[in-house]
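A.B. asks: Sequence and predicted structure are below.
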Amino acid sequence: QVQLVESGGGLVQSGGSLRLSCTASGRTFSSYVMGWFRQAPGKERESVAAISRSGSITYYSDSVKGRFTISRDNNLNTVSLQMNSLKPEDTAVYYCAAKRTGSTGTFTRGNEYDYWGHGTQVTVSS
């Protein structure tokens, strides 16, 4: 079982940057595809980004492509989300998720993931 803990959320002005981090417990981090999801009030959860086990393949939703960067460090059991040029519509609770898999690719649907963090709030003011 994997426990995920997010950090790095907060309040930032439009156009600003934040870096989210997620630390995973356990010794098999490289066996997991990692993803970031977000959920805004009154909206469904949506996929933001995902990264393959090796880090060589990444996925971004159209709404964040070119502004957000996902990365991972398999030695430190961490996955990060660098968020630049933030917009008020990026305001949401951001969740880290993990899926144990033998696949070399990524997964983008929330129901494909096995483990979830508790989330961290990101608020972008206009």
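C.D. replies: Right, received. Where do you want to start?
A.B. asks: Need the nearest residue in space to the most centrally placed residue in the chain, chain neighbours excluded.
C.D. replies: Nearest to the mean C-alpha position of the chain, by C-alpha atoms, centre = their mean, lies residue 36 at 2.2 Å. Nearest non-adjacent residue to residue 36, counting by C-beta to C-beta, 6 or more residues apart in numbering: residue 48, 4.4 Å away. Quick note: C-beta positions are derived from backbone N, CA and C, even for glycine.
A.B. asks: Kindly state the beta-bridge partners for the residue nearest to the centre of the chain.
C.D. replies: residue 49, residue 96 (DSSP bridges).
A.B. asks: ok, now which ones touch it?
C.D. replies: With contact set as C-beta atoms under 8 Å, 6 or more residues apart in numbering, residue 36 has these partners: 20, 22, 47-50, 70, 79, 81, 94-97.
A.B. asks: Of those residues - the most surrounded one?
C.D. replies: residue 79 (30 neighbours; other C-beta atoms under 10 Å).
A.B. asks: Check for me that that residue belongs to a strand.
C.D. replies: Yes: with DSSP: H, G, I helix; E, B strand; the rest coil as the criterion, residue 79 is part of a strand.
A.B. asks: Strands of this protein, start to end?
C.D. replies: Per DSSP state E, the chain carries strands over the ranges 4-7, 10-13, 18-24, 32-39, 46-51, 58-60, 68-73, 78-83, 92-100, 115-116, 120-125.
A.B. asks: Quickly run through the sheet partners of the third one, with directions.
C.D. replies: In other words, strand 18-24. strand 4-7 (antiparallel), strand 78-83 (antiparallel).
A.B. asks: now those strands in JSON lines, with distance to residue 111 and mean pLDDT?
C.D. replies: Formatted as JSON lines, the strands paired with strand 18-24 follow (distance: least, C-beta to C-beta, whole Å; pLDDT from 0 to 100):
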{"stretch": "strand 4-7", "distance to residue 111": "17", "mean pLDDT": "97"}
{"stretch": "strand 78-83", "distance to residue 111": "19", "mean pLDDT": "98"}
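A.B. asks: Of the ones you listed, flag the one that's most buried.
C.D. replies: Among the strands paired with strand 18-24, strand 78-83 has the highest mean neighbour count (mean count of other C-beta atoms under 10 Å), at a mean of 23.
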